[in-house]
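Peer 1: what shape does this take:
(2 chains)
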Protein chains: 2
Amino acid sequence: MDFQYYMPVRIVSGEDCVKKNASLLRTLGKNVLVVTGKSSAKNGALEDAVFAFNMNGQKYTIYDRVPNNPTVACVEEGARIAREVGADCVVAIGGGSPMDAAKAIAMLARQDAPEGIFAHAITDDVLPMAHIPTTAGTGSEVTPYSIITNDEKQTKTSISAPSLFPVYAFLDGKYMASLPQNVTVNTALDALSHAVEGMLSVRATLITDALARESIRLLTGEYDSLLNANYTSQSRQNLLLGSTLAGMVIANTGTTVVHGMGYSLTYFHDVPHGRANGLLLPAFLAECNRKAPQRVGQICDALGMDLETFSKKVAALLGKREEYSDTELADFARRASVNKNIKNCIVHFSEEELLRVLKRSLGV
Amino acid sequence: MDFQYYMPVRIVSGEDCVKKNASLLRTLGKNVLVVTGKSSAKNGALEDAVFAFNMNGQKYTIYDRVPNNPTVACVEEGARIAREVGADCVVAIGGGSPMDAAKAIAMLARQDAPEGIFAHAITDDVLPMAHIPTTAGTGSEVTPYSIITNDEKQTKTSISAPSLFPVYAFLDGKYMASLPQNVTVNTALDALSHAVEGMLSVRATLITDALARESIRLLTGEYDSLLNANYTSQSRQNLLLGSTLAGMVIANTGTTVVHGMGYSLTYFHDVPHGRANGLLLPAFLAECNRKAPQRVGQICDALGMDLETFSKKVAALLGKREEYSDTELADFARRASVNKNIKNCIVHFSEEELLRVLKRSLGV
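Peer 2: Numbers count the residues shown, from 1 in each chain, chains lettered A, B, ... in the order given. Okay, here's the model as predicted:
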């Protein structure tokens, strides 16, 4: 089969990796815009980055107004500040929201997008970035995607370009030590969904499969930690590496049906992104199993369990499920059916099949 | 554990991938120096590249004087020609020798190295490169290494820098369709050695392990093709992908003891590089198994066989072995013991232990 594989981010992993590799940050520039959320960096990550900036003699400005599910207004504000202070590089600290916002900010700091960011053809002229994830789910630190709330289309829309890959990803699980249990579980489910959806993408290759299997092994290996809310520093690092590996997968495969359906739950009901994916993943797999049992069998091999066990285990992590009326689910199915991610799955999903998955996952 | 992972090459794989993705080559520059060997490109690869150059309106000059085990004189000549013709990019076509030479040429075309290339501190100013492998073994298309014959030290020496990574690697197994059987086997053994040595490197990580296992699966999956000299286009592509994946591994782990010992066989007896590795690999693994049985067990899992079976299967591929006197093997052991690759193995090898591996592999 014809394929391309590309993932140019230098991954730096291990405890205190930011401080130990401070000199790498110096290569980005002299004047840093730190992009983060109100609380995203209150876990030691900002202190470590500032330690590195001081060591390197770098100026820095902190932009910490990225909300959950970042908006166009936020990234425009961040870009304006980047221009005002003359930032020549960006360091993103946080979960998916700050990291995704940072990419759009790094781009808009150098490029005008008069037609709006969703229609803009992104050039290579983007401020160089380092990403320091403080949750273990999005994988944004190794992808070229920035997912921004698109109010016009009432969903989240991904912008993407090779120039949006960070230069560095620093992976230190210690920043997740005090992460709330619900965030830990939701982000782990997001990562798992990336790895599984990546294996069901039409763009899956033997390289992404190898990475996805390792990601799934790491994530399922921490199932008991997740269930019992009992994490060692090693479990935190494993969850983070599992998430990054899954990010390397979707950087090449994209996501598919689960993400395509999940965006509505987040947009209309503020269901956390990872939880939305976790809610939908088991029924999605069961549906895929009807048409692609061999491929789903390979995923079960990687999971180390059958679909029924998987469904029960995910349910135990999710607790009480959200429920929506048939009318609302039909609306979600209609919206998902026109999402471009749907076509990215090796199994074709009609609107009716999408609705079946939604009803099994979220029906009253 | 602390680790870094970096492999920024865009991999483009599939039949006719050079012609189908000709526009990628245009991004490299307007004036190409093609670096190849006398016969390295006589398999359709040069024609496809020229097709792309013409389509792109690129000028090109062919430097086809790279010998097996390239010398300093050769890369200096190539660099001189690159400067003379004003080349702004390099396309390497061939096996390890042209690809490794191309990296040194792309570097020397932009940098003076008055202290000699082995002592030179390589900067980022290197002509951008695309590599088109026409053998499936070296993995050079995805590594930052250039291995050049070092007559002063009577061995092969690796030069390395992040700027020596190609921009593109084009993987098309059709260029190997008429590769001689001995070259096919030797290069496959080289690739296998990369994957196995990578798993035994002190720098092995879960990312390189995932890639190594997939490489080993691909390569051992073609064992019958190799034994019977019976290749489909799919087997050629599998061997090539197995080689590239192993290259992604050693780009991050480096090679270890087998390569450290093998260079003497090549330097003093002209044993093809991959064959040298194949001759030494089983006894190396047996020796490692004494001190790191768990890790070697994981390698056996990936191989899908025990060490004894592996040894027999490799022997069947190698045919009649070379034999050397104890005196000569002692000299090889002494030389290997000071090779920097030796320290890169999780198992410490004393000179005596190196000699034991050499005697088991090549003793009279």
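Peer 1: could you use CA atoms for every contact and neighbour count after this?
Peer 2: OK.
Peer 1: so stretch A:13-31, near chain B or not?
Peer 2: Yes: using CA under 8 Å from any CA of the partner chain, stretch A:13-31 reaches chain B at A:13-15, A:17.
Peer 1: which of these sit farthest apart?
Peer 2: The distance between the two most remote of those (CA to CA) is 7.2 Å, for A:Ser13 and A:Glu15.
Peer 1: name the element the residue of the stretch 1-150 of chain A found nearest chain B belongs to?
Peer 2: Proximity of the stretch 1-150 of chain A to chain B (CA to the nearest CA) peaks at A:Pro8, 3.8 Å away. Under DSSP states H and E, no helix or strand contains A:Pro8.
Peer 1: residues near it, how many?
Peer 2: Residues within reach of A:Pro8, counting by other CA atoms under 10 Å in any protein chain shown, total 21.
Peer 1: spit out the contact partners of the nearest residue to it once chain neighbours are set aside.
Peer 2: Of all residues not flanking A:Pro8 in the chain, B:Pro8 sits nearest, at 3.8 Å (CA to CA, 6 or more residues apart in numbering or on different chains). Going by CA atoms under 8 Å, 6 or more residues apart in numbering or on different chains, B:Pro8 touches A:6-9, B:165, B:167.
Peer 1: from what I can see A:Cys300 touches A:Glu308, true?
Peer 2: No: contact criterion CA atoms under 8 Å: A:Cys300 and A:Glu308 do not qualify, at 10.2 Å.
Peer 1: neighbour count: these two, which is higher?
Peer 2: Per other CA under 10 Å, whichever of A:Cys300 and A:Glu308 has more neighbours is A:Cys300, with 18 against 11.
Peer 1: right, is the helix or strand the more buried one falls within up against chain B?
Peer 2: A:Cys300 belongs to helix A:293-303 when assigned by DSSP H and E. No: Helix A:293-303 lies out of reach of chain B by CA under 8 Å from any CA, never closer than 12.5 Å.
Peer 1: beyond that helix, next helix or strand please.
Peer 2: Next element after helix A:293-303 (DSSP H and E): helix A:307-318.
Peer 1: quick check: mean pLDDT of that next one?
Peer 2: Across helix A:307-318, the average pLDDT comes to 98.
Peer 1: in that helix, what's buried?
Peer 2: A:307, A:310-311, A:313-314, A:317-318 (16 or more other CA atoms under 10 Å in any protein chain shown).
Peer 1: from these, which is closest to chain B?
Peer 2: A:Phe310 (23.1 Å).
Peer 1: count the neighbours of the residue in the stretch 251-364 of chain A positioned nearest to chain B for me.
Peer 2: With CA to the nearest CA, the shortest gap between the stretch 251-364 of chain A and chain B falls at A:Asn252, namely 10.9 Å. Look at A:Asn252: counted by other CA under 10 Å, it has 22 neighbours.
Peer 1: likewise the one 10 residues further on?
Peer 2: A:Gly262: 26 surrounding residues under other CA under 10 Å.
Peer 1: how about it, nearest residue that isn't a chain neighbour?
Peer 2: A:Gly262's closest residue in space is A:Ala276 (CA to CA, 6+ apart), at 5.2 Å.
Peer 1: residue in the stretch 201-350 of chain A nearest to chain B?
Peer 2: For the stretch 201-350 of chain A, CA to the nearest CA, closest residue to chain B: A:Ala210, 5.7 Å.
Peer 1: does that residue touch B:Thr208 like I think?
Peer 2: No: look at A:Ala210 against B:Thr208 with CA under 8 Å: they stay out of range, at 10.1 Å.
Peer 1: so which of the two has more stuff around it?
Peer 2: B:Thr208 (25 against 21).
Peer 1: quick check: the more buried one vs B:Ala79, distance?
Peer 2: In this view, B:Thr208 and B:Ala79 are 33 Å apart by CA to CA, to the nearest Å.
Peer 1: just the helices in the stretch 201-350 of chain A please.
Peer 2: A:206-221, A:223-228, A:233-253, A:257-269, A:273-291, A:293-303, A:307-318, A:326-337 (DSSP state H, counting those that start in this stretch).
Peer 1: out of the ones you listed, deepest packed?
Peer 2: Ranked by mean neighbour count, those are led by helix A:233-253 with a mean of 27 (mean count of other CA atoms under 10 Å in any protein chain shown).
Peer 1: quick check: mean pLDDT across that one?
Peer 2: 98.
Peer 1: what of stretch A:6-25?
Peer 2: Here the average pLDDT along stretch A:6-25 is 98.
Peer 1: also stretch A:343-355?
Peer 2: pLDDT averaged over stretch A:343-355 gives 96.
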